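Peer 1: Provided below for reference: sequence and predicted model.
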Amino acid sequence: MLAILDYGAGNQTSVARAFAMLGVPARITAEPAAIASAWGLVFPGVGAAGQAMRHLAGSGLDRLLKDWVAQGRPLLGICLGCQILLEYSEENGMETLGLIPGRTRRFDSSRREEGGRPVAVPHMGWNSVRPRRPSPLFAGLEEVEEFYFVHSYYAEPAPEYVLADTSYGGDFCSALGRDGLWAVQFHAEKSGPAGLRLLDNFHRYCRERFHAQ
């Protein structure tokens, strides 16, 4: 079973529905015992960094996430769950979880469309994701795939953590991490066959790691 972390930041139901389409057992939960027995943990979310961090700290789930990663157990962050894995967010001026070195930044007026107009914020809709280094997360996907985005902020991790990027008035990191600790800025659960393949890749990785123990 996969655990989908319930921390009041929304979008958990869409993620659970995507795993159900794949026939993957997944449970939305904030119960430490249920999470401890899971093969892997999915950390989704929409909303604001400040509100999410307050909920995580107030419930003790921030410590659970840090312990989970320290134990080397598989984690996948999605959208807000991607951004707050980093050390600091410009949204609400918040220190965040610090599980990956880097910052979350807002799209600003320096980013321009081809005609010279500032890009619209939020960045919303389908866009290309280009992997920059091999990862089990992208196994079986095309060299460039389209995924669905809705966000005003983007992750800027240390360069060695950049797994894929996307162009929007210039390039930004759209997938980051290392084997077993991954995060994507796009909504894989809303990205059709490519998104489902990515989620299934995460599930397969978790299942193999769990049964190898």
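Peer 2: In hand now; what should we look at?

Peer 1: Okay, now the sheet partners of the one helix or strand Tyr148 maps to, with direction.
Peer 2: In this assignment (DSSP states H and E), Tyr148 forms part of strand 145-151. Strand 145-151 has its sheet partners listed here by DSSP bridges as strand 123-131 (antiparallel).

Peer 1: The strand it pairs with: which residues count as buried?
Peer 2: Applying a neighbour-count criterion of 16 or more other CB atoms under 10 Å, one finds His123, Asn127, Val129, Pro131 buried in strand 123-131. Backbone N, C-alpha and C define where each C-beta goes, glycine included.

Peer 1: Tell me the one of those nearest Val46?
Peer 2: His123 (13.8 Å; CB to CB).

Peer 1: Return the distance of that closest one relative to Met53.
Peer 2: Counting by CB to CB, to the nearest Å, the gap from His123 to Met53 is 22 Å.

Peer 1: Now the biggest helix by length in the chain: buried residues?
Peer 2: Longest helix of the chain, by residue count under DSSP state H: helix 192-212. If you call a residue buried by 16+ other CB under 10 Å, then helix 192-212 has these buried ones: 194-203, 205-207, 209-210.

Peer 1: any weak-confidence spans in the protein?
Peer 2: Applying pLDDT under 70 to the predicted model, the residue ranges of the chain that meet it are 212-213.

Peer 1: can you give me the helices in it?
Peer 2: 12-22, 32-36, 49-59, 61-70, 80-83, 192-212.

Peer 1: Would you format those as TSV with distance to Pro157 included?
Peer 2: Formatted as TSV, the entries for the helices of the chain read as follows, by distance: least, CB to CB, whole Å:
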stretch	distance to Pro157
helix 12-22	22
helix 32-36	25
helix 49-59	15
helix 61-70	14
helix 80-83	10
helix 192-212	18
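
Peer 1: Which among these is found nearest to Gly170?
Peer 2: helix 80-83 (18.0 Å).

Peer 1: Now do that closest one: everything it contacts.
Peer 2: Residues outside helix 80-83 that contact it (CB atoms under 8 Å, 6 or more residues apart in numbering): 5, 9, 42-47, 49, 52, 77, 89, 91, 96, 104, 153-155, 176, 183-185.

Peer 1: What of stretch 21-31?
Peer 2: Residues outside stretch 21-31 that contact it (CB under 8 Å, 6+ apart): 1-7, 12-13, 15-16, 19-20, 34-35, 38, 42, 59, 61, 196, 199-200, 203.

Peer 1: ends of that stretch, how far apart?
Peer 2: By CA to CA, to the nearest Å, the extent of stretch 21-31 from end to end equals 24 Å.

Peer 1: Sweet, I'm off.
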